[in-house]
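Q: coords below, sequence missing:
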């Protein structure tokens, strides 16, 4: 890999992570912005590509942040070239928003014995997209994508069905929500302990993200969770992001105020992100894998595609 390419990749990590650290330092969890913005109306969804497919992983966080900070009401984005191909054009003076694409390339290296071995090297590429509100001349259907939201009762029934289809063992009692890795069950307070059913399922989405960790699911190592504060903070960040992705998919509202047992993680997250500029990217990727796995357990076989 060239020095310039490595430098560009590092700059991407630093720039995006520094922005998130700045918000966390002010007590703002940036991934909660879509729900906490007072002007937001209707159901929150993931950001969408021009073809209607949802973004995933880190790009969800990036575009949610851009949509909120720049006041866009549409969740649809496209590249300059995609707009041109549709007979439209980005308005003069408009600036794009950064999204990233993670991939790998193969490099051949000497193996020390006169031979060569192929090594896969990951890379991160940034490119710009524009919200459709920055583009003139798009076909009318791009501006008429309103879909009727599910009735609140239907939405809760859909959430209940979703978590039942995972096959996770869910026990009720006490006043704490947690996942027990050794016994492989989720503990939840009774439904009546929550302000409403949506809050119950939003909390369950966090614990179910933890539940995906065993080897026969997605394979995240929790062996150091109780011994290492940094590892615990990383896993809680994964679960929080996974919960946000699921809440957007299921039409739920996540925990806007951190649970008492989670509020302490804010400082730990700041420390982790300051020490490792790739940590938020890794957490978002792990959260996406967890959520994709959970969607794959549904009877319909529907899932959020694991793409950039």
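A: Happy to help now that I have it. Fair warning: this is a prediction, and the values are worked out from it, not measured in the lab. Numbers count the residues shown, from 1 in each chain.
Q: could you use CA atoms for every contact and neighbour count after this?
A: Noted.
Q: need the per-residue pLDDT for the nearest residue to residue 43 once chain neighbours are set aside.
A: In this structure, residue 43 finds its nearest non-sequential neighbour in residue 251, 6.1 Å apart by Cα to Cα, 6 or more residues apart in numbering. Note for residue 251: predicted pLDDT of 91.
Q: so what's residue 251 up against?
A: 43, 44, 45, 155 (Cα atoms under 8 Å, 6 or more residues apart in numbering).
Q: nearest the geometric middle of this structure, what residue?
A: Centrality entry for the chain: nearest residue to the mean C-alpha point is residue 57, 4.4 Å, by Cα atoms, centre = their mean.
Q: I figured that residue hits residue 290, correct?
A: No: using Cα atoms under 8 Å, residue 57 makes no contact with residue 290, being 10.5 Å away.
Q: helix or strand: which one has residue 125?
A: strand 116-131 (DSSP states H and E).
Q: strand partners (parallel or antiparallel) of that strand?
A: With DSSP bridges as the test, strand 116-131 is paired with strand 77-78 (antiparallel), strand 97-110 (antiparallel).
Q: a markdown table please, covering those strands and showing distance to residue 61, mean pLDDT and mean neighbour count.
A: Shown next, in a markdown table, are these (distance: least, Cα to Cα, whole Å; pLDDT from 0 to 100; neighbours: other Cα atoms under 10 Å):
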| stretch | distance to residue 61 | mean pLDDT | mean neighbour count |
| --- | --- | --- | --- |
| strand 77-78 | 14 | 97 | 24 |
| strand 97-110 | 10 | 78 | 13 |
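Q: coming back round to it: now do the contacts for the residue nearest to the centre of the chain.
A: By Cα under 8 Å, 6+ apart, residue 57 lies in contact with 281, 284, 285, 287, 288, 308.
Q: go again using 7 Å as the cut-off
A: 284, 285, 288 (Cα atoms under 7 Å, 6 or more residues apart in numbering).
Q: quick one, helices of this structure?
A: 3-25, 33-36, 58-70, 80-85, 152-166, 197-211, 229-250, 260-263, 265-275, 279-296 (DSSP state H).
Q: where does the stretch 1-150 of the chain have low pLDDT?
A: 1-10, 38-42, 103-106, 112, 119-122, 145-150 (pLDDT under 70).
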